[in-house]
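Trainee: what's the 3D shape of this:
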Amino acid sequence: MAASMASCQACRTCLFARNLQRFPNTRFVHKTSPACLGGQATAPNDTIIIPTRKPRDAYAVLQALGNTVGKDPTGQPYIYHDDPHLAPRSMRERRDYRRSLESGRKAAQFVIQKNPKLFLSYQHDEPKIESLYPPLPEYAMKDPGDEAIMERVDENDIKGAWEMYQSTVQAGQEVSLETSNALLDLLCFHGNQARPSLVELVDKSIATAQELQAALKDDTQEEELDEDAIKGEAEEAESVSAQKSDAKDKRKKRKQDQFEVTWIDGNEAEQLFEAIKEKNGHSYSALIQGMVKHNAHVKAFNMYNEMQQKKYIPDVRAYNALIEAVPFIRDNPEDVWQVLEQLLKQMSKEDIQPTLYTFNAVMRVLTKNRDVGRFYGMQVINEMKAIGIEPSLGTYASLLNIHVNPKYPVKQANVLYDILDDLEDQEFVLRHPRDEFFFFEAMCVCSNAKDLELAYKLDALLNTGSNSMLLGGMSFQNMYYSRFFNLITQFESVDAMLEYYEQLVPQALLPFSTMYIDILQSIESAGAYHKIPRIWQDAANYGRKFDENLLDTLLKIMAMSTVDKQLHEEFCSIVSDTMKIARQPDQQRGSNRMRGRPPRSIRVTQKMLNNMVVTYLKGEQLDEARKVLDYSKKAKITPSNIVLEDFLSTCIQVGDKQMALGCIEVAVHHMMTGSSTMADRIKEEMVLNNEERKHLDYILQERQ
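Mentor: You can find the predicted model right below:
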């Protein structure tokens, strides 16, 4: 023991030496000890080599921790509650969830702004997040001057900054050019429209809500008076058509409002600009950017021409704004390109280095003039690379948009192949707002070209590193994966399709009705009917069991399938679930849709009813099939002659005379032409007593 301890005196602090006391019968020798070096001690190395420090940002630790956690494909994204009953089951519910979350944040901000003193006295966060705190009740600088103006500009107080500027001028003080430009930036950005406080927005929302509640009350009274009038199918269709028309008008108005000129002539920004005695390029650039932002495109170019005449040089952001405004002052595509070329040449002449935003603005303009864009698009990208600017994903998204051609989708796919060859195995960060459009638009190209190989290649790029962060919001993500999965259902085997289904749902994709229809059709083509119960269970869990098109497809496939008895029993269970949500004849049709609520029942069609009966007959559940036929009398749905013939044949086969007579009752009730023929079959193939024959004749007399 003593010899062992002596052999490791040079490294007493090592883990093995410390463990000698715990394991006395074990000999531990460190690799740098004399025992390990053959008994020859070496002089310690006094040189300490410090490794080169790697620069890391503030999120390095969080990113490292995040990389240790993988995605759970069976669970909802982490933004939602980890509870099956609270998890959203549709895109609408996801939107409602995010809106409620944002409403909660705004409610908290409202409370903070309503009672600022309670929160300003409790400040223990480090670092302090200024945006979460209420605005200062009083400014430190109350006397007119540059410092007072800048204090209000820093707080984004448009009204207070402008009033302080006017007070400074009226006091005879001169405002510096730097302060004037800072205030001009603020005024141009907001377009002379002061941001309302959250308290003002809430007060306005409360008033609007009260008006809406009164309107809904009036509508409810009118609904009660006209309840009988809205039961018909014609009025339901008319209501749906009116809703679609209203939605179309709203989209049209929203598009018009997007390009409406909101720049007011002679506003505070223009007044301030005129009051600046010694203007510089920054002053003109700020005004140009403000005019473009608020759709005063012609005025922006007039200001640019004035700037050129006075020999002022705009900055690169002003040129970016002017490039975006070119399509609004020229209609001819060739004229648009000439103006773009002039602006770019002027930038080169003034030695202004273009940025990624400059070239992406040019590409966006070319997407609106595709004939010119197809000729100049690649030239723009080559010019970017020549001056050392690497195109972003948004640049390639615009390039794909330029080559959109519904008649020749393969040409666009070839462009995407070239792009993916250049981007393969690369990891990207967000460099431009348009970067989030690339993966979605690229998947649209794959879908239009029906190219699954290209889609796999694109998805491999998406899953490289953290590129999935650039997929965009939940809507883009859902549309991307829905198109991707649609290609998989068309060209892959059922096993591969369901494997991807397990990976994507519900983490990345919330399934919808058409997706389940595609899955069922693929299952039918492959004959994998044993997978139908699982798909139906998922569809029901995600609220798709009320979709009539999905149910029609499902019932048709089950009725036409040839499977074993056990699987037929599961199919019969699915039909029973469907009958539970079948709309009763006395239910008000269309009321759920008109009030904005999802439907809680389905309308059974003749095809659906026939397939239900056939499925029950194949599952040897004659009683359940009879219930469906009885439902047909209440719902006034006429079953087909073939279905009734099959039902009667089954009754004759099992010798159930009461069921056979019930079949004749259904046929007579619907005044079907084959009722007499079916009655003759009963008399010929079944042994009836006198009472049963009299009852059968009585049923046939009712038809007459």
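
Trainee: C-alpha only now, for contacts and for neighbours.
Mentor: Fine.

Trainee: tell me which element the spatially most central residue of the chain falls in.
Mentor: Central residue of the chain (CA atoms, centre = their mean): Ser475, 0.9 Å from the mean position. Following DSSP states H and E, one finds Ser475 within helix 474-491.

Trainee: got a list of contacts for that helix?
Mentor: Residues from elsewhere that reach helix 474-491 (CA atoms under 8 Å, 6 or more residues apart in numbering): 91, 439-440, 443-444, 447, 450-452, 455, 471, 497, 500-501, 504, 508-511, 515, 518-519, 522.

Trainee: Do I have it right that His403 meets Gln412?
Mentor: Yes: contact criterion CA atoms under 8 Å: His403 and Gln412 qualify, at 5.7 Å.

Trainee: confidence score at Glu233?
Mentor: The score at Glu233 is 38. That number is its pLDDT.

Trainee: swap in the one 5 residues further on?
Mentor: On pLDDT, Glu238 comes in at 46.

Trainee: Repeat that for Gly377.
Mentor: For Gly377, pLDDT reads 92.

Trainee: what do you get for Gly590?
Mentor: At Gly590, the model reports a pLDDT of 44.

Trainee: Put the buried members of the contacts of helix 474-491 into a ChimeraX selection.
Mentor: Buried residues within the contacts of helix 474-491, by 16 or more other CA atoms under 10 Å, are selected in ChimeraX with:
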select :91,439,440,443,444,447,450,451,452,455,471,497,501,504,508,509,510,511,515,518,519,522
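
Trainee: between the helix or strand just after the helix holding Ser475 and helix 474-491, how many degrees?
Mentor: Once helix 474-491 ends, the next helix or strand along the chain (criterion: DSSP H and E) is helix 494-504. An angle of 170 degrees separates the directions of helix 494-504 and helix 474-491 when computed by axes from the mean of the first three to the mean of the last three CA atoms, to 10 degrees.

Trainee: now for helix 494-504, which elements pack on it?
Mentor: Helix 494-504 sits against helix 474-491, helix 513-526, with contacts defined as 3 or more CA pairs under 8 Å, 6 or more residues apart in numbering; DSSP states H and E.

Trainee: Quick one: those as a markdown table, columns for mean pLDDT and distance to Asn320 too.
Mentor: Converted to a markdown table, the helices and strands packed on helix 494-504 look like this (pLDDT from 0 to 100; distance: least, CA to CA, whole Å):
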| stretch | mean pLDDT | distance to Asn320 |
| --- | --- | --- |
| helix 474-491 | 92 | 27 |
| helix 513-526 | 93 | 42 |
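
Trainee: Just tell me which of those helices ends up closest to Asn549.
Mentor: helix 513-526 (7.9 Å; CA to CA).

Trainee: Just the buried residues of the helix or strand that comes right after the closest one, please?
Mentor: Next in sequence after helix 513-526, counting helices and strands by DSSP H and E, comes helix 532-541. Judged by neighbour count using 16+ other CA under 10 Å, the buried positions of helix 532-541 are Ile532, Trp536, Ala539.

Trainee: Show me what secondary structure element comes after helix 532-541.
Mentor: Proceeding N to C from helix 532-541, the next assigned helix or strand is helix 548-560, under DSSP H and E.

Trainee: just checking, what packs against whatever helix or strand comes next after that following helix?
Mentor: Using DSSP H and E, the helix or strand that follows helix 548-560 in sequence is helix 565-580. With contacts taken as 3+ CA pairs under 8 Å, 6+ apart, helix 565-580 sits against helix 532-541, helix 548-560, helix 606-618.

Trainee: Residues contacting the last one, please?
Mentor: Okay, so that is helix 606-618. Residues outside helix 606-618 that contact it (CA under 8 Å, 6+ apart): 551-552, 555-556, 558-559, 568, 571-572, 575, 622, 624-626, 628-629, 632, 637-640, 643, 646-647, 650.

Trainee: Next, the contact list for the residue nearest to Ser468 when sequence neighbours are not counted, please.
Mentor: Of all residues not flanking Ser468 in the chain, Leu462 sits nearest, at 5.3 Å (CA to CA, 6 or more residues apart in numbering). By CA under 8 Å, 6+ apart, Leu462 lies in contact with Phe439, Ser468, Leu471.

Trainee: Same question for Asp185.
Mentor: Counted by CA under 8 Å, 6+ apart, Asp185 has contacts Ala286, Leu287.

Trainee: Check which helix or strand it maps to.
Mentor: Element membership for Asp185 (DSSP H and E) is helix 177-190.

Trainee: Report the buried residues of that helix.
Mentor: Buried residues in helix 177-190, defined by neighbour count with 16+ other CA under 10 Å: 177, 179-190.

Trainee: try stretch 521-534
Mentor: Buried residues in stretch 521-534, counting neighbours by 16+ other CA under 10 Å, are found at Gln521, Ser522, Ile523, Glu524, Tyr529, His530, Ile532.

Trainee: Endpoint to endpoint, it covers what distance?
Mentor: Counting by CA to CA, to the nearest Å, you get 15 Å between the two ends of stretch 521-534.

Trainee: ok, the residue nearest to the centre of the chain to Leu510 distance?
Mentor: Computed as CA to CA, the Ser475 to Leu510 distance reads 10 Å.

Trainee: got the contact list for Leu187?
Mentor: Listed by CA under 8 Å, 6+ apart, the contact set of Leu187 reads Ile158, Glu268, Ala269.

Trainee: Now distance to Phe375 and pLDDT too, for the residues you listed, in CSV please.
Mentor: Formatted as CSV, the contacts of Leu187 follow (distance: CA to CA, whole Å; pLDDT from 0 to 100):
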residue, distance to Phe375, pLDDT
Ile158, 45, 90
Glu268, 43, 92
Ala269, 40, 93
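
Trainee: Just the ones in helices from those, please.
Mentor: Ile158, Glu268, Ala269 (DSSP state H).

Trainee: quick one: which of these has the most company?
Mentor: Using other CA atoms under 10 Å as the neighbour test, those are led by Ala269, with 26 neighbours.

Trainee: was I right about that one contacting Ser180?
Mentor: No: counting by CA under 8 Å, Ala269 stays clear of Ser180, with 10.2 Å between them.

Trainee: Let me see the contact set for Arg626.
Mentor: Val613, Met659, Gly662, Cys663.

Trainee: And for the third one, nearest residue in space, chain neighbours not counted?
Mentor: What it means is Gly662. Here the nearest residue to Gly662 in space, its sequence neighbours aside, is Arg626; by CA to CA, 6+ apart that works out to 7.9 Å.

Trainee: Let me know the helix or strand that that neighbour is in.
Mentor: Assessed by DSSP H and E, Arg626 sits inside helix 622-635.

Trainee: So for that helix, what gets flagged as buried?
Mentor: Neighbour-count burial for helix 622-635, counted by 16+ other CA under 10 Å, picks out Leu622, Glu624, Ala625, Arg626, Val628, Leu629, Asp630, Tyr631, Ser632, Lys633, Ala635.

Trainee: picking up where we left off before, deepest in the core, which of the helices and strands packed on helix 565-580 is it.
Mentor: A comparison of the helices and strands packed on helix 565-580 by mean neighbour count, using mean count of other CA atoms under 10 Å, puts helix 606-618 on top with a mean of 23.

Trainee: That one to helix 548-560, inter-axis angle?
Mentor: Helix 606-618 and helix 548-560 are oriented at 30 degrees to each other (the same axes, to 10 degrees).
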